[in-house]
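heads up, no residue letters with this:
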């Protein structure tokens with residue numbers, strides 16, 4: 001949801017589509033301004049309607065199926081960013097002709113600089129993003145195992161650890 005907000009509020013991208021499988025997260029994406037929030041399991045028509053129209057694809061989950069699906073959306077000039085590694089590494093294969101003739105760019109998201117951190121701090125300090133509504137539950141440090149279980153079971157959006 002942070003990436004969605006950055007694209008909409010900071011970079012002023014007019015249309016941002018979010019895909020997923022958890023209705024509560026798709027609803028949150030709608031609340032944060034997604035042009036469309038598409039259930040990839042049940043809404044195949046909506047997926048087909050947006051194919052070939054993507055300038056930028058941002059994969060924010062280290063999931064091979066998500067990457068494979070994103071690769072089907074690549075078109076001329078698409079910029080694909082993978083944000084988040086995968087627990088089980090796998091090799092990405094792609095067509096050399098698609099890469100060359102469509103001028104596709106693949107990149108990862110690590111390698112930030114001090115300037116990037118300063119820019120991020122400015123975004124947070126100026127309250128450009130709604131970060132409070134992304135945190136769905138707070139956990140005292142003594143219950144950190146519960147926080148990891150909460151995350152693993154995809155019960156909320158983000159869990160925060162408190163040190164009171």
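Done, it's in. Since the model is a prediction, treat every value here as computed from it, not as a measurement. Residues are numbered from 1 along each chain as shown.

ramachandran coordinates for residue 106?
Phi and psi for residue 106, reported as degrees, to the nearest 10, are phi -110, psi 140.

so the spatially closest residue to it that is not a sequence neighbour bridges to which residues?
Residue nearest to residue 106 in three dimensions, not counting chain neighbours: residue 80, with 5.0 Å by C-beta to C-beta, 6 or more residues apart in numbering. Just so you know, the C-beta spots here come from the backbone N, C-alpha and C atoms, and that holds for glycine as well. Going by DSSP bridges, residue 80 is paired in beta bridges with residue 57, residue 106.

cool, residue 158 as well?
Beta-bridge partners of residue 158, counted by DSSP bridges, are residue 135.

residue contacts, it?
134-136 (C-beta atoms under 8 Å, 6 or more residues apart in numbering).

got the confidence number for it?
pLDDT recorded at residue 158 is 88.

and it, how far is that from residue 131?
To residue 131, residue 158 is 9 Å away according to C-beta to C-beta, to the nearest Å.

what of residue 79?
25 Å.

kindly report the same for residue 69.
28 Å.

equivalent analysis for residue 10, please.
13 Å.

can you show me the strands along the chain?
17-20, 36-39, 56-59, 79-82, 105-108, 135-140, 158-162 (DSSP state E).

want to throw the contacts of residue 158 into JSON lines with distance to residue 90, pLDDT and neighbour count?
Supplementary listing: these in JSON lines, determined by distance: C-beta to C-beta, whole Å; pLDDT from 0 to 100; neighbours: other C-beta atoms under 10 Å:
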{"residue": "134", "distance to residue 90": "29", "pLDDT": "89", "neighbour count": "16"}
{"residue": "135", "distance to residue 90": "31", "pLDDT": "91", "neighbour count": "12"}
{"residue": "136", "distance to residue 90": "30", "pLDDT": "90", "neighbour count": "15"}
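
related to what we said a few turns ago, could you identify which of the strands of the chain is most buried?
When those are scored by mean count of other C-beta atoms under 10 Å, the highest mean neighbour count falls to strand 17-20 (a mean of 20).

so what's the spatially closest residue to residue 109 that is not a sequence neighbour up against?
Nearest non-adjacent residue to residue 109, counting by C-beta to C-beta, 6+ apart: residue 83, 4.3 Å away. Residue 83 makes contacts with 3, 58-60, 108-109, as judged by C-beta under 8 Å, 6+ apart.
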